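In: Just need the structure, nothing else, for what follows:
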Amino acid sequence: MKQKFLLCLLFAGLFLGLGLNALAANVWGWAWMGGEVVGKNLGWLSMNRSNFLHWALVDDVIADDYDTYVWTDSGVEEKDAYQLQNPTGIIGTEIINQIRVKMRYQGKITTYLRLNGVESSFPGSGSIVGAWGDRTTSWQPSRPGGGSWTWSDINNLQVVIGLQSVTLSGNTYQGRLTQVYVEVEHSGGTLILRPDGEGDYTNIANPPALAGQDYGVHICTSDTDPNPRCAEVASPKQGKIVGYAWAGAVEDTPAPVDGTIGWIRFDPPGPYPTCPVTTCPGGSPNYSSRVDLGTKKVTGWARACAGTVNGDCVSATRTDGWDGWILLGPIVKGGTDYGSYVDTSTSPAQFRMWAWGSDVVGWISFNKSNCDSDGNGFVDVACGGDNTTTAIANYKVMTDLVISVPSSATDLNAKAIYGCGTSPIVRFSWTYSGSSSQSAYEIQIDDDPNLDEDPLATLTGGADNSRDYALLSYNTDYWWRLKVRDSNNQWSGWIYPDPLSFNTGSRWPVPDFDWDPPDPIKEKEVQFNNLTQLCGAGGCSWNWNFDDGNSSTAENPIHTFDTEGTYNVKLTATNILGSCERIKSLGVGVAVVLPRPRWREIAPTFY
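Out: Next up is the predicted model:
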């Protein structure tokens, strides 16, 4: 590995939700470690397994077996190609005698060399071991494609490893590679070249299992979160970050971080450092890292376990100047909080701002926007660039989590909106709240306060914020409750109104009438007789519509219809509760005029 700090910080499967709603969320992408001061570039942080650079897992000077390796559980060979370091300080007249590939592996392994697109395997079948084993393969003196080795060949050489799982004596062993390097034996000595970059392809299915640990980072969603590490932390668990990330190899850097940082624990035990009041004006967080599920701020402490004497995150702190603590927030400088948070305004959501990893790790940037504030693609002056010539990588840390306020409802109301029928019409209404829109509701109604036992009615619906129901009785007390579901298919709990019950009230007026004469004649007066009931103590007011353009507010009006025909006469009765109407059809005819009798004189007849 070239001289740089490559800290591959691995978050494998971040589970985050809000309230009691557990939504599995993954974190992926890259963060950048800027170091303790501006301009000190320490390297990339990989936020999930797929971002891990395979070559960085197998370039160990000393094989670490269970710390970093690439692996596959496939019974069919999978292959990785690794670019090698370029040789330095070599006199071109030195003659290359042979190339040896050194490996430490498990399972079945086959060795290849790749030169200028030509690939050849080591003669013979792949080597098979159950436990960890070492292997050396030598190319003497021919090279892929034929001919003798030259130093320009070495500059373009890639080593290729084929891995697959094997079954020996009934036991299945994964294919694993923890170390590989090349020895170039030449007339002046032996040169060692280690992997220094990915080759033409990276096809081994799975990056490292990292010591077989459950090294994923999780955020506990509730006291009943099924994650086993959540079971180990004290209640309340909601929002607490638990588990481990992996910080990969660090080479050519001074103590105390030379070698491998190793595990970073997000729920380390205390005692925790004291954050200066200027950095943590609200008080130093006396807890491990967590997410405030309302503000989305990430606060508290994580710890590189190598900051403890035994590298276990629980033993005594080292005494050589590094304690391993990493502050995720708050980090207030000049009145601005630079601590990290989750920005859910983008899709997928992105981590923003910074973490601080002490004088060793320094600033950790979660998003390129931290150092490219104007979005022109160049590093800001504040981050050690000149904003014109130093290009910035398009890095960001993303997550598919959905941080949502639990769906809920306020302003619950139940009111009789119509009382003219044999049953009242009651309108149930509410105001929905939540980060995503309402997708469903359920209402339970009963004439008993115990709604848990066989409610009288259950109403369901979709996105509406009200529901009318007409199968209740007048002058009766009812109890009701509501729950709502958001567009993420997450239900609220039962929400109760205040007060808990409502009364349907009395029936409104019941209008009725008749008329005299029963068969009205045009241009003749008609007496209307008001037969309305249930006006109540305050009485009713009246409005008659005779369907001929005329009306009346009298209780028992007299009306004359000018033309014959059928009239739909409507009476509206109104009291303090409401208005109801009754319509009856009335036929108006024409008076029957009999002809006057005719007469003639007849002379008397005498006998």
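In: Skipping its backbone neighbours, what lies nearest G107 in space?
Out: G175 (3.5 Å; C-beta to C-beta, 6 or more residues apart in numbering). In this view, the C-beta of every residue, glycine as well, is placed from N, C-alpha and C.
In: you'd agree the one you found is up against K108?
Out: Yes: under the criterion of C-beta atoms under 8 Å, G175 makes contact with K108 at 6.1 Å.
In: Comparing these two, which residue is more hemmed in?
Out: A count of neighbours by other C-beta atoms under 10 Å puts G175 above the other of G175 and K108, at 29 against 20.
In: and the more buried one, how far is that from S429?
Out: Distance, G175 to S429, using C-beta to C-beta, to the nearest Å: 64 Å.
In: ok, now how distant is the nearest residue to N155 once chain neighbours are set aside from I161?
Out: Closest residue to N155 apart from its sequence neighbours, by C-beta to C-beta, 6+ apart: N86 at 5.2 Å. Distance of N86 to I161, computed by C-beta to C-beta: 20 Å.
In: Ok, L534 next?
Out: Applying C-beta to C-beta, the value for L534 to I161 is 92 Å.
In: Counting neighbours, go ahead and name the busier of those two.
Out: The neighbour comparison of L534 against I161 (other C-beta under 10 Å) goes to I161, with 26 against 16.
In: The more buried one touches L177, doesn't it?
Out: Yes: between I161 and L177 a contact is recorded at 5.5 Å, counting by C-beta under 8 Å.
In: Which residues are in contact with F366?
Out: Residues in contact with F366 (C-beta atoms under 8 Å, 6 or more residues apart in numbering) are 31, 340, 350-355, 396-397.
In: where's the dip in pLDDT among those residues?
Out: Here the lowest pLDDT out of the contacts of F366 sits on A31, with 66.
In: Mind pulling the model confidence for G311?
Out: G311 carries a pLDDT value of 78.
In: Number of residues surrounding it?
Out: Neighbour tally, G311, other C-beta under 10 Å: 16.
In: Which residue is the nearest non-sequential neighbour of Y469?
Out: By the measure of C-beta to C-beta, 6+ apart, the closest residue to Y469 outside its immediate chain neighbours is V426, 5.4 Å from it.
In: same check, this time on W149
Out: Nearest to W149 is I96, by C-beta to C-beta, 6+ apart, at 3.9 Å.
In: Thought I154 was touching that neighbour, still the case?
Out: Yes: judged on C-beta under 8 Å, I96 makes contact with I154 at a distance of 7.5 Å.
In: model confidence over the strand ranked longest in the chain, on average?
Out: In the chain, taking DSSP state E as the definition, the longest strand is strand 96-115. Per-residue pLDDT values over strand 96-115 give a mean of 91.
In: Tell me the strands beside that strand, with direction?
Out: Paired strands of strand 96-115, with direction, are strand 118-121 (antiparallel), strand 127-139 (antiparallel), strand 157-164 (antiparallel), strand 175-186 (antiparallel) (DSSP bridges).
In: Which stretch among those approaches D60 most closely?
Out: The closest of these to D60 is strand 175-186. By C-beta to C-beta, the value is 4.9 Å.
In: quick one: the strands in the stretch 501-607 of the chain?
Out: When assigned using DSSP state E, counting those that start in this stretch, the strands of the stretch 501-607 of the chain occupy the ranges 501-503, 513-516, 525-530, 541-545, 551-552, 558-560, 565-574, 579-588.
In: Which among these is found nearest to G421?
Out: Closest to G421 of the strands of the stretch 501-607 of the chain is strand 579-588 (C-beta to C-beta; 8.9 Å).
In: which helices and strands does that closest one pack with?
Out: Packing contacts for strand 579-588, counted by 3 or more C-beta pairs under 8 Å, 6 or more residues apart in numbering; DSSP states H and E, involve strand 513-516, strand 565-574.
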